[in-house]
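*Asks:* quick one: sequence plus predicted model below, questions after.
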Amino acid sequence: MNNIITIYKKELRSYFTSPVAYIVMVVFLIITGWFFTNGLFLANVVSMRSVFDIIPFILLFFIPAISMRTFAEEKKSGTIELLLTKPITDYDIVIGKFLSTLSLAAITFLPTLVYVVSLKFLGPLDIGSIISAYIGLILMCGIYVGIGLFASSLTENQVIAFIVSFLIVFILFMMNKILVFIPAPFNSILEYISSDYHFTSIARGVLDTRDLIYYFSGIYIMLLLTKTSLESRKW
């Protein structure tokens, strides 16, 4: 556990010692801020719906961008070999990097709470559904971060890691949007695979067991694949 905490702190600190995290966070807040003000002042809607509708789309680019460096950068610089020779298990490394990247995503969401507070003064809000939506976003980030870590563990090129993780998360996101082109018997399967389908379900204010199982099992599978990718150096 101490090793995981040490790696977690090191990785989280490294994000804020480079301009990448700040640039991505600022861009994220500019985009969400525009949709929030557009819905509030132009559409006259006292709701977080416009923000929660756009964030899943932003995450398709945001998560691959912040996770592409996790292993690829260390592979390119050679520090991954030094890290792997220390008395630290592959499990510790993967979990530590996963938690630090997920924390960065959660930190990025924090300023959006200002939107919620602002709306609270303007009209009644369904706080329950808003809390559920934030939980759904964190879970969605979790599975995307897992994918990003796996893609980064496969290569030392950050651009390749970004493209691979983006393609995978994009496919997951789009699964429930191509059902009209798919034979009916496969619709329920593709719908369940879709990450956006489960987020939409949670954002309604209902934490369904099926949605939680989907996200937690997806996170587990991606972290297991990342660990296996690291262990492949021994083969």
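*Replies:* Cool, got the structure. Residues are numbered from 1 along each chain as shown.

*Asks:* which residues of the protein fall in helices?
*Replies:* Counting by DSSP state H, the chain forms helices over residues 2-15, 19-37, 49-67, 69-77, 79-84, 90-109, 113-120, 127-153, 158-174, 187-193, 195-203, 209-231, given from the N-terminal end onward.

*Asks:* can you pull the contacts of Cys190?
*Replies:* Slight slip there: residue 190 is Leu, not Cys. Met175, Asn176, Ile178, Leu179, Ile182 (Cβ atoms under 8 Å, 6 or more residues apart in numbering). Just so you know, the C-beta spots here come from the backbone N, C-alpha and C atoms, and that holds for glycine as well.

*Asks:* what is the least confident helix or strand in the protein?
*Replies:* The least trusted helix or strand in the chain, going by mean pLDDT, DSSP states H and E, turns out to be helix 79-84, with a mean of 64.

*Asks:* deepest in the core, which of the helices of the chain is it.
*Replies:* Between those, helix 127-153 has the highest mean count of neighbours, a mean of 23, where neighbours are mean count of other Cβ atoms under 10 Å.

*Asks:* against Ile171, how distant is the residue most central in space within the chain?
*Replies:* Among the residues of the chain, Cys141 comes closest to the average C-alpha position under Cα atoms, centre = their mean, at 2.1 Å. Distance of Cys141 to Ile171, computed by Cβ to Cβ, to the nearest Å: 17 Å.

*Asks:* check Val20 too.
*Replies:* Using Cβ to Cβ, which is the criterion applied here, Val20 is 25 Å from Ile171.

*Asks:* go on, Glu156?
*Replies:* 24 Å.

*Asks:* in this structure Thr101 contacts Leu149, no?
*Replies:* Yes - in this structure Thr101 lies within contact range of Leu149 using Cβ atoms under 8 Å: 7.2 Å.

*Asks:* intersection of neighbour lists for the two?
*Replies:* Ser67, Thr70.

*Asks:* what's the distance between Lys76 and Ser152?
*Replies:* Here the distance between Lys76 and Ser152 works out to 11 Å (Cβ to Cβ).

*Asks:* mutual contacts of the two, please.
*Replies:* Gln158.

*Asks:* so how far is stretch 188-197 from its chain's centroid?
*Replies:* Between the centre of stretch 188-197 and the centre of its chain there are 17 Å (Cα atoms, centre = their mean, to the nearest Å).

*Asks:* so for it, mean pLDDT?
*Replies:* Average pLDDT, stretch 188-197: 83.

*Asks:* likewise for stretch 140-148?
*Replies:* If you average the pLDDT over stretch 140-148, you get 94.

*Asks:* how far is it from where the chain is centred?
*Replies:* Relative to its chain's centre, stretch 140-148 lies at 4 Å (Cα atoms, centre = their mean).

*Asks:* show residues contacting it.
*Replies:* Counting contacts by Cβ under 8 Å, 6+ apart, the residues outside stretch 140-148 that touch it are 56, 59, 63-64, 66-68, 70, 98, 101-102, 105-106, 161, 165, 168-169, 172, 195, 198-199, 215, 218-219, 221-223, 226.
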